[in-house]
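need coordinates for the following:
(chains A and B)
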Amino acid sequence: MRSLIKVLFVLFALIVVFPAHAIDGTQLLAQVDRNLTPESYVMYRKLINVEPDGRKKEYTLFTVKKGKDKVAALFTAPASEKGRSTLRLGENMWLYIPNVGKPIRITSLQSVIGGIFNNSDILSLDYSEEYNAEKMEEGNEYLLYLKAKNKTVAYDRLKMWVDKSKILPTKIECLTEAGMLIKTMYFKDIKDFGGGLIRPADIETDSPLYKGYKSVMLFAGLKRKEYKDEVFTLTFMDKMETLR
Amino acid sequence: MMLKAVLLLVFWFGAYSSAFGAEEYKFEASEIEKKPYHLGGFAELRPVVNGLDKSSALYKVNFYNNNRGSTLQEYNSRLQLEGSYEEGIARFFIRANQDVNNTYAGWSSNGTLYEGFLSLKPSDSWIINVGKRTFKWGKGYAWNPVAFIDRPKDPTDPELALEGFWAASVDYIRSFGGPLKTFSFTPVLLPVINDNINDDFAGPQLNLPGSKPPHTSNQINMAGRSYFLLYDTDIDFIFFTGGSKTTRYGVDFSRNISTSIEVHGELALMEDFQKMFIDRNGNLQTSNYDHVWSYLLGIRYLSPKLTTYILEYYRNEGGFTRNEMQDFFSFVNKGYNTYLSTGNAAPIQKAAALTQGNFGKNTPTQDYLYLRISQQEPFDILYFTPAISSIVNLNDQSFQFIPELLYTGITNLDLRFRTYFIVGKGDTEFGEKQNDYRIELRLRYFF
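Residues are numbered from 1 along each chain as shown, chains lettered A, B, ... in the order given. From the prediction side, this is the model:
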């Protein structure tokens, strides 16, 4: 009887220590991921770096993703970047530059285009693939506190505000391990892409590290599509144009 | 009147605010539309000032009968055109250069087909390529000992496009779920035919009495590369065999050992290696080796402040030794003195013939260190990357260092300013180069 009481006590303690929110947060994050993109897709993105004086520099990317950990992107504009491609297989990332002619390994924190966007923004996986939901708060919106699963993830912590009815993020703060704000992303312009895909078509980003600068990511042509695994290989990086 | 002015002010302020606040970004359908063809490229202007070292061996070789001032100007221009056309499983790609340069030798113009090949992709696992193309095998940044079927890179500017060779190749790609994530195999056939196709594949030959260039014509050479992505490590096994060069084998690897550190390496074995060099009197000497090794070890580190360090050590057993280089420089000086005292140019002309592609080529000796440090966007200056590179000859402690400033903030325009400082005592590789310094501005407009 005494041991039964002990077991019940331990179970009660576990329920108190690990509240239902942790599980809900994980489920919510997975739902956010699926509402943002299918697991396998193709899409186009336009990245715009806006300087304090209003000057802009724009890049257009064609992106393909398959499953949890395979994503590749091809720059289609401007002319100076055309033909560059990037590939991510889990934690491995490579950059192919046509003139250089061979893929080189890169890291998630580098930026192939400069400005606020880094490589992990360009080759992003599902949030639930890279982060654990540590805590969730509920107010007008859900607020998820996310912690990177390992050191290869570009931002150690995220704070994600999620719209309760649409289950889509409205704002994400990217933080260092020490809690320093690196950048804030604002999700705007909910748009129907067809095939049941309704999501923000505009993500605007600012950063205290780049005061006065702003980056914008626009989405187009998002649709479900699954390519063969062989497309996500180094040997295929200079042939990505054939997928468009 | 006052009210009218205030209302006008409010109107303009409101109009300005709403225009600013509601700035709209557009992504037009035409921007993602794919055309079956593509035309592009860049136009480049590259003025250069060379600061000459008049006491150096290579100055004497190049200008023994043509004394120059302390500096030489060059005005170089290049038009690189790229085009492609895609239809079904077929894609044709072409990249060609036209150079127009003005140097001390006058105007010159040269057109080169860098690449031009047809690709057939019956499936995502099979790709067949036929035509002129570069392969760029190897993981090294400044050198690639295993790049058996490519032209050598310029280690002072490793990211320059290279001219390819005519070849037929197949890429076979497979992906897997376990520790081996990717396997690909690329067999290549590379012909050298009647001094017309790939006639320079075997490299420059010593056109001197006593030298026996290998029989390189009418040869079908074979090469191949097997690539593995195994336990998050890129690994290549490479071979080359054929009549145009001796048989050689290579292996390379690249791996991220942490989020900010990448390590890479290459190892090449060349069989039946023959080295030709001269003694201090200009007599041709030949050394034959069963095999020679060359290898490279490198590391790339990205600091938390986004400074990138690339460090590479390169060992080339087939390169000239310190004594062989000193003998060459002695022979040049003797030939130059003979020319000055007697007017007999034969010895210095012989030295000139030995310079091109041999003693005068990039990094011709045995042991080198390469270091590049670049800082992405310092002082919050977007699109600005200053860098410094250095190549050190470990055999004679001579070196060059190359500070550069790169700005890419204007769409499709790259501005690069570089200086080369070439430092070394007498009888050392960099001490005997033609220049003491070189200043170069490169403007490249992409279209």
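
doesn't B:Leu340 lie inside a helix?
Yes. Using DSSP: H, G, I helix; E, B strand; the rest coil, the assignment for B:Leu340 is a helix.

in the sheet, who's paired with B:Glu271?
Beta-bridge pairing for B:Glu271 (DSSP bridges): B:His291.

please apply the same query to B:Asn97.
With DSSP bridges as the criterion, B:Asn97 is bridged to B:Gln80, B:Thr112.

and the gap between it and B:Pro155?
Distance of B:Asn97 to B:Pro155, computed by C-beta to C-beta, to the nearest Å: 21 Å. C-beta coordinates here come from the backbone N, C-alpha and C atoms, glycine included.

got it, and B:Ile173?
With distances taken as C-beta to C-beta, B:Ile173 is found 31 Å from B:Pro155.

higher neighbour count, B:Asn97 and B:Pro155?
Comparing B:Asn97 with B:Pro155 by other C-beta atoms under 10 Å in any protein chain shown, the one with more neighbours is B:Pro155, at 20 against 17.

which residues does that one contact?
Counting by C-beta atoms under 8 Å, 6 or more residues apart in numbering or on different chains, B:Pro155 touches B:142-143, B:362-363, B:368, B:370, B:391.

most neighbours among these, which one is it?
In terms of neighbours by other C-beta under 10 Å, the contacts of B:Pro155 top out with B:Trp143 at 27 neighbours.

I'd say it and B:Asp367 touch.
No. Taking C-beta atoms under 8 Å as the definition, B:Trp143 is not a contact partner of B:Asp367, at 11.7 Å.

overlap in contacts of those two?
In contact with both B:Trp143 and B:Asp367: B:Tyr314, using C-beta under 8 Å, 6+ apart.

so what's B:Leu269 closest to, chain neighbours aside?
The shortest distance from B:Leu269 to any non-neighbouring residue, by C-beta to C-beta, 6 or more residues apart in numbering or on different chains, is to B:Tyr249 (4.9 Å).

for B:Leu79, same thing?
Distances taken as C-beta to C-beta, 6+ apart put B:Gln98 closest to B:Leu79, at 4.7 Å, once the chain neighbours are dropped.

that neighbour: neighbouring residues, count only.
Neighbourhood size, B:Gln98 [other C-beta under 10 Å]: 14.

tell me the confidence at it?
Predicted confidence (pLDDT) for B:Gln98: 97.

what do you get for B:Leu3?
According to the prediction, B:Leu3 has pLDDT 42.

and the pLDDT at the closest residue in space to B:Arg248 that isn't next to it in sequence?
Excluding its sequence neighbours, the residue lying closest to B:Arg248 (C-beta to C-beta, 6+ apart) is B:Met270, at 4.5 Å. With respect to pLDDT, B:Met270 scores 95.

do the one 3 residues further on as well
Confidence at B:Phe273, expressed as pLDDT, is 91.

buried set for the helix or strand that it is a member of?
Assigned by DSSP states H and E, B:Phe273 falls within strand B:261-278. By 16 or more other C-beta atoms under 10 Å in any protein chain shown, the buried positions in strand B:261-278 come out as B:262-270, B:273, B:275-278.

just checking, B:Ile299 touches B:Leu311?
Yes. With contacts counted by C-beta under 8 Å, B:Ile299 reaches B:Leu311, the gap being 5.3 Å.

what's the burial count for B:Ser55?
Neighbour number of B:Ser55 under other C-beta under 10 Å is 12.

give me the buried positions along stretch A:128-136.
Neighbour-count burial for stretch A:128-136 [16+ other C-beta under 10 Å]: A:128-131, A:133, A:136.

helix, strand, or coil at residue 136?
Unless you meant another one, I'm taking chain A. Once three-state DSSP is applied, A:Met136 turns out strand.

oops, wrong one, chain B.
Assignment for B:Lys136 (three-state DSSP): coil.

give the contact list for the spatially closest residue to A:Asp238 that is not a sequence neighbour.
Counting by C-beta to C-beta, 6+ apart, the nearest residue to A:Asp238 once its immediate chain neighbours are dropped is A:Tyr96, at 6.0 Å. With contact set as C-beta under 8 Å, 6+ apart, A:Tyr96 has these partners: A:84-87, A:102-104, A:237-238.

dump the residues you listed into a markdown table; add pLDDT as well.
Listed next are those as a markdown table, based on pLDDT from 0 to 100:
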| residue | pLDDT |
| --- | --- |
| A:Arg84 | 92 |
| A:Ser85 | 93 |
| A:Thr86 | 92 |
| A:Leu87 | 94 |
| A:Lys102 | 85 |
| A:Pro103 | 91 |
| A:Ile104 | 90 |
| A:Met237 | 94 |
| A:Asp238 | 91 |
